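K.L.:
Here you go, sequence then predicted model.
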Amino acid sequence: MAPQPGDIVASMFTGTAVILLTNPLDTVKNRYQVANTRIGVFAFGAAEIKRLGLLRALWLPGLATNCCACTMTCGVRIGLYPSLRDAIAPDAKTPGAMALSGLIGGALGYTLAAPFFHATRLAHVREDGLFGLRALRRIGREGSAYRGAGLLVARGATMSTTQLTTYDSAKGFCRDRGLEDGPALHVLCSVAASLAVATAIVPLDVTLTHYQAGASPSLVACVRDMYQRHGPRVFVRGWLPLWARFLPSSVLTFVIYKQARKVLVGEFLK
């Protein structure tokens, strides 16, 4: 089955819309993961707002590069998902087909968007200019645009396959038991997907933030330094802000995508 233009356009629009609304959650999550502080994430976010104001502290850092990155990744991993799933298993939606489709789309999308994600994290953590464009130019000059890209792709593929498989499986489970396909079902399945995603990727996410924002010569050295300085709990540090980011993000992603797809294609994704 060939990719449908309506799926691609709907998913790209979704990626942009979601980041315009949730970039502050990404900023807080990334800064909190590397901050040398014992205060909770909510107090940390409040302190950042008091220090710089809401827009400069949380909303504008990395906004442009984050929008570009998520427009690309959503356009690929969600836009291609139904075509890949149906090509792998034409006769029935199987968990294996769902997982493989999410994995392939996630790996491809995050490979393409890696420089934009790197610039976004630098803009968040190092406060390297607003919007992320200065950070993007700098990593281009330094030749470090793909620093940590292997870990980013692994994170993105894990996130994509976990999110899409959980959402699709939960939707099928609920529909088989008589729940009507519509916004309420989309929200319910999105919540389940957000919990699964946050739990699956938090070790990869916190490691990636430390590696891209730090000066460790290698990923192995970064992991060793994190463990020696903070102990094993560092690898789940930031689970709450990560889930707080993915809860509205997952809900918005699937609700916006489903409604946009209905407008463009004429039906919800089956």
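P.N.:
All right, it came through fine. If you're wondering where the values come from, they're calculated on a predicted model, not measured in any experiment.
K.L.:
Identify the residue nearest residue 73 in space, chain neighbours excluded?
P.N.:
Distances taken as C-beta to C-beta, 6 or more residues apart in numbering place residue 109 nearest to residue 73, at 3.8 Å, with adjacent residues excluded. Every C-beta, even on glycine, is put in place using the N, C-alpha and C of the backbone.
K.L.:
What helix or strand is the residue of the chain most remote from its centre located in?
P.N.:
Using C-alpha atoms, centre = their mean, the residue of the chain lying farthest from its centre is residue 178. It sits 30.9 Å away. Of the helices and strands defined by DSSP states H and E, none includes residue 178.
K.L.:
Could you check the pLDDT of it?
P.N.:
On pLDDT, residue 178 comes in at 86.
K.L.:
give the contact list for it.
P.N.:
By C-beta atoms under 8 Å, 6 or more residues apart in numbering, the contact set of residue 178 is empty.
K.L.:
for this structure, which spans come out with low pLDDT?
P.N.:
Counting by pLDDT under 70, the chain shows low-confidence ranges at 1-3, 265-270.
K.L.:
quick one: the helices in it?
P.N.:
With helices called from DSSP state H, the chain shows them at 5-34, 41-52, 54, 63-77, 81-88, 95-125, 133-142, 149-176, 183-213, 219-230, 239-265.
K.L.:
Could you check the angle the first one makes with helix 41-52?
P.N.:
Using axes from the mean of the first three to the mean of the last three C-alpha atoms, to 10 degrees, the inter-axis angle of helix 5-34 relative to helix 41-52 is 90 degrees.
K.L.:
helices or strands up against helix 5-34?
P.N.:
Applying 3 or more C-beta pairs under 8 Å, 6 or more residues apart in numbering; DSSP states H and E, one finds that helix 5-34 contacts helix 41-52, helix 63-77, helix 81-88, helix 95-125, helix 183-213, helix 239-265.
K.L.:
Flag every buried residue along that helix.
P.N.:
Buried residues in helix 5-34, counted by 16 or more other C-beta atoms under 10 Å: 6-19, 22-34.
K.L.:
quick one: residue 140 and residue 202, what's the gap?
P.N.:
The span separating residue 140 from residue 202 equals 29 Å under the rule C-beta to C-beta, to the nearest Å.
K.L.:
ok, those two, which is more surrounded?
P.N.:
residue 202 (21 against 12; other C-beta atoms under 10 Å).
K.L.:
List the residues that contact residue 47.
P.N.:
The contact partners of residue 47, taken as C-beta under 8 Å, 6+ apart, are residue 39.
K.L.:
Residue 150 too?
P.N.:
residue 219.
K.L.:
can you offset everything so residue one is 8?
P.N.:
Sounds good: first residue 8 from here, last item residue 157.
K.L.:
Right, I'll leave it there.
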